[in-house]
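Student: Only the shape, not the letters, is given here:
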């Protein structure tokens, strides 16, 4: 089975950028994309640090989540990977995706019109030295806790704030409606994969929590990007 390569968004060709936009729009039109947004909005999946279990599941669950989109993208555009936004070095929303703010139909019939605002409140992108310090954290739990906080700040920065309203990326119930969500989470996953190259500690999950519902993939399968069932991938350096 071929290994998918997820590229830095800044290295994409014009054709690759267009392929991503067109494939996402196709999935929006077909309803699959809205289904994914709704799954992320269902907090019963316990995939954020609302409790200790969610803290442990945050990284593997979103790894499985990204794979769901990527597989469908490749049905539209073979070989297409979810690019990553390296906000450690690229300090603004990528120009090529700024104008892609689609309207997404949700399973319940409601429409989510993606919004982004230029004002970011007190939220800023994590500084490079803070990102690099992640790789000196020896254990998984403090690593994922710190990375999730940086992740939160990027969500709020990217969504922005206007008149007391937050942009789509700042609303956990609908944030994946913004295509930028996937570039952001591809980068979060990349940082975890980089940490894993020199650290053996892993999520501490037992029983049913080990299954990354609503899919059948389990945390052991999701620990390494090279061992994702039927979908190994790697990150471009």
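Tutor: Arrived safely, thanks for sending. As the structure is a computational prediction, the values presented were derived from the model and not from experiment.

Student: center of the chain - which residue?
Tutor: With distances taken as Cα atoms, centre = their mean, residue 185 lies nearest the centre of the chain, 2.1 Å away.

Student: ok, now how distant is residue 35 from residue 129?
Tutor: Noted for residue 35: a distance of 39 Å to residue 129, by Cβ to Cβ, to the nearest Å. In short, each C-beta sits where N, CA and C put it, glycine included.

Student: So between these two, which is more surrounded?
Tutor: residue 35 (14 against 8; other Cβ atoms under 10 Å).

Student: Do you know the pLDDT at that one?
Tutor: Looking at residue 35, its pLDDT stands at 98.

Student: does it really touch residue 104, like I thought?
Tutor: No: Residue 35 is not in contact with residue 104 according to Cβ atoms under 8 Å; the separation is 10.1 Å.

Student: what packs against the longest helix seen in the chain?
Tutor: Taking DSSP state H as the criterion, the chain has its longest helix at helix 52-76. The helices and strands touching helix 52-76, judged by 3 or more Cβ pairs under 8 Å, 6 or more residues apart in numbering; DSSP states H and E, are helix 14-30, helix 32-41, helix 140-159, helix 180-196, helix 219-222.

Student: Quick one: residues contacting the residue nearest to the residue nearest to the centre of the chain when sequence neighbours are not counted.
Tutor: Once flanking residues are discounted, residue 185 sits nearest to residue 62: 5.4 Å by Cβ to Cβ, 6 or more residues apart in numbering. Residue 62 is in contact with 47, 185, 188-189, counting by Cβ atoms under 8 Å, 6 or more residues apart in numbering.

Student: Any chance of those in a markdown table with pLDDT and distance to residue 85 as columns?
Tutor: Output for those, formatted as a markdown table (pLDDT from 0 to 100; distance: Cβ to Cβ, whole Å):
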| residue | pLDDT | distance to residue 85 |
| --- | --- | --- |
| 47 | 98 | 20 |
| 185 | 98 | 9 |
| 188 | 98 | 10 |
| 189 | 98 | 12 |
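
Student: now, among those, which is nearest to residue 211?
Tutor: Nearest to residue 211 among those, counting by Cβ to Cβ, is residue 47 at 12.1 Å.

Student: wait, the closest one sits on residue 54?
Tutor: Yes: between residue 47 and residue 54 there is a contact at 6.0 Å, judged by Cβ under 8 Å.

Student: Of these two, which one has the most company?
Tutor: Using other Cβ under 10 Å, the more surrounded residue of residue 47 and residue 54 is residue 47, with 24 against 17.
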